[in-house]
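S.K.: Quick one: sequence and predicted model below, then my questions.
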Amino acid sequence: MVTPESLAVDIRGLNFAYPDGYMALRGVDLSIKQGERVAIVGPNGAGKSTLMLHFNGILKGEGTVRVGDLEVAGPNLKRVRAMVGMVFQNPDDQLFSPTVFEDVAYGPIYMGLSEAEVRQRVTLALQRINMEGYAFRVSHHLSLGEKKRIAIATVLAMDPHILALDEPSADLDPRSRRMLIQLLAGFPQTMVISTHDLRLVKELCPRTVILDEGCIVADGPTSILLADEVLLHAHGLERV
């Protein structure tokens, strides 16, 4: 039985239009239980990234979005953003400090933690992505795969309840992609992954949500949805 206390994310009647009038989300209802791993898939322009950006209030549409027991709204945003670790598709949108250490430390500093706590968080986050020796490397000199892992470390350092990842495997070579999947498989957090990589979805996410033209058109077990060739073809996806 799903109770409000067991929900990590609860979205009701979410509509969102961009300033040019384009309607990106249309009446989205979505509940994600604590500990679930959920994939959000669909064609380009389906609204996947727009939906993810509502999880921590970067975007604000009409309807309600709750993370745990908090509505994603003004007075709660600081707490919500500590609970939801948002990892963007392009790690250069997330890495802006002179060193890896400073990038990973940014979130804990924003949370008001002591210097000792910040250092401890950074050390643990880098350990969790197997990059302990990178603290004083320059982020922008790293490979794309390394940058993506450091971007994940920047949110792990905030000890989030939820990891929200936008196209985490995009543009990675096979070795970096495999390493990323293995890392994500070991994380205990509730995980929401927006992606076109259906092989990653099959490996990591027992549940899949198909979004098209701003609407949820299917929501169910990954093994069933990704085997439905007619459904996938109708919404710009290919069976793997």
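M.R.: On my side now, so go ahead. All values reported here derive from a predicted model rather than from experimental measurement.
S.K.: what about Asn44, is that helix, strand or coil?
M.R.: coil (DSSP: H, G, I helix; E, B strand; the rest coil).
S.K.: so what's it closest to, chain neighbours aside?
M.R.: Spatial nearest neighbour of Asn44, excluding adjacent residues (Cβ to Cβ, 6 or more residues apart in numbering): Gly236 at 7.8 Å. From N, CA and C alone the C-beta is placed, and that goes for glycine too.
S.K.: what's around that neighbour, how many residues?
M.R.: If you count neighbours by other Cβ atoms under 10 Å, Gly236 ends up with 15.
S.K.: where does the protein have low pLDDT?
M.R.: 1-5 (pLDDT under 70).
S.K.: which residue is nearest the middle of it?
M.R.: What sits nearest the mean C-alpha location of the chain, by Cα atoms, centre = their mean, is Ala164, with 1.4 Å.
S.K.: Assess the claim that it and Val80 are in contact.
M.R.: No. Using Cβ atoms under 8 Å, Ala164 is not in contact with Val80; the gap is 11.4 Å.
S.K.: and Glu102, what element?
M.R.: helix 100-110 (DSSP states H and E).
S.K.: Gly61 versus the residue lying closest to Arg128 once chain neighbours are set aside, what's the distance?
M.R.: Closest residue to Arg128 apart from its sequence neighbours, by Cβ to Cβ, 6+ apart: Leu156 at 5.6 Å. Computed with Cβ to Cβ, to the nearest Å, the distance linking Leu156 and Gly61 is 28 Å.
S.K.: ok, the two, which is more surrounded?
M.R.: The residue with more neighbours, out of Leu156 and Gly61, is Leu156; 25 against 19, by other Cβ under 10 Å.
S.K.: so who does that one touch?
M.R.: Gly85, Leu124, Ala125, Arg128, Ile129, Phe187 (Cβ atoms under 8 Å, 6 or more residues apart in numbering).
S.K.: Could you give me the ChimeraX selection string for whichever of the residues you listed are buried?
M.R.: Burial among the contacts of Leu156 is assessed by 16 or more other Cβ atoms under 10 Å; the matching ChimeraX selection reads:
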select :85,125,128,129,187
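S.K.: is it possible to export the contacts of Leu156 to a markdown table including distance to Ala218?
M.R.: Shown next, in a markdown table, are these (distance: Cβ to Cβ, whole Å):
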| residue | distance to Ala218 |
| --- | --- |
| Gly85 | 26 |
| Leu124 | 38 |
| Ala125 | 35 |
| Arg128 | 33 |
| Ile129 | 33 |
| Phe187 | 26 |
